[in-house]
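Q: model the following, please.
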Amino acid sequence: MTGFFKNDSHHTKRARILAMLWTLLILFLCFLPGRDLPEVNVPLIDKWAHVILFGVFTFLWHSTVPTRSYAYKIILLAVAIFLGGLVEYVQGHYVPQRSQDMMDVLADGIGGILGIIVYTAIYARVNRTVK
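A: Residues are numbered from 1 along each chain as shown. From the prediction side, this is the model:
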């Protein structure tokens, strides 16, 4: 597992595959018609789902480029927010019984930030102890 957090990791191909599969999972789940979603009576469960989905999204995509570059982190966060906004637009206009909710985009951004923070913390710890 620590190989994902090294600059010279040979695991980047595996990380890229996992990140692409996770991205496809996000798209699949977000484009399900509303009638296919289970009824869950947990407050803000939709927002928590977005935080988790996009936190893992940024974490996995960050694993494809193990770096401390702030520019990469900002680009990665921007991609997560853009993808979240695009998903919401498509839901609101093309997916039956789904609606566009800009608070979901906010949750996507929060998840994206958390994923980057967690990755950065693990990266720093692994590279400090592995050297």
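
Q: now P43: how far from L24?
A: 29 Å (Cβ to Cβ, to the nearest Å). Yep, even glycine has a C-beta here, placed from its N, CA and C like the rest.

Q: who has more neighbours, those two?
A: L24 (10 against 7; other Cβ atoms under 10 Å).

Q: phi, psi for the more buried one please.
A: For L24, the backbone dihedrals (degrees, to the nearest 10) come out as phi -60, psi -40.

Q: show the pLDDT at it.
A: pLDDT recorded at L24 is 98.

Q: same check on A71?
A: A71 is assigned 95 on the pLDDT scale.

Q: under a three-state scheme, what state does it occupy?
A: Assigned with DSSP: H, G, I helix; E, B strand; the rest coil, A71 falls in the helix class.

Q: for burial, what's the neighbour tally of T58?
A: There are 26 residues near T58, going by other Cβ under 10 Å.

Q: wait, isn't it in contact with I74?
A: No: counting by Cβ atoms under 8 Å, I74 is not a contact partner of T58; they are 11.3 Å apart.

Q: ok, longest helix in this structure?
A: helix 102-130 (DSSP state H).

Q: same for it, what does it pack against?
A: For helix 102-130, the elements it packs on are helix 45-64, helix 70-94, judged by 3 or more Cβ pairs under 8 Å, 6 or more residues apart in numbering; DSSP states H and E.

Q: export those helices as JSON lines, with columns for distance to R14.
A: Shown next, in JSON lines, are those (distance: least, Cβ to Cβ, whole Å):
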{"stretch": "helix 45-64", "distance to R14": "9"}
{"stretch": "helix 70-94", "distance to R14": "18"}
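
Q: highest mean neighbour count out of those helices?
A: Stretch with highest mean neighbour count among the helices and strands packed on helix 102-130: helix 45-64 (a mean of 21; mean count of other Cβ atoms under 10 Å).

Q: please consider this matter closed, and thank you.
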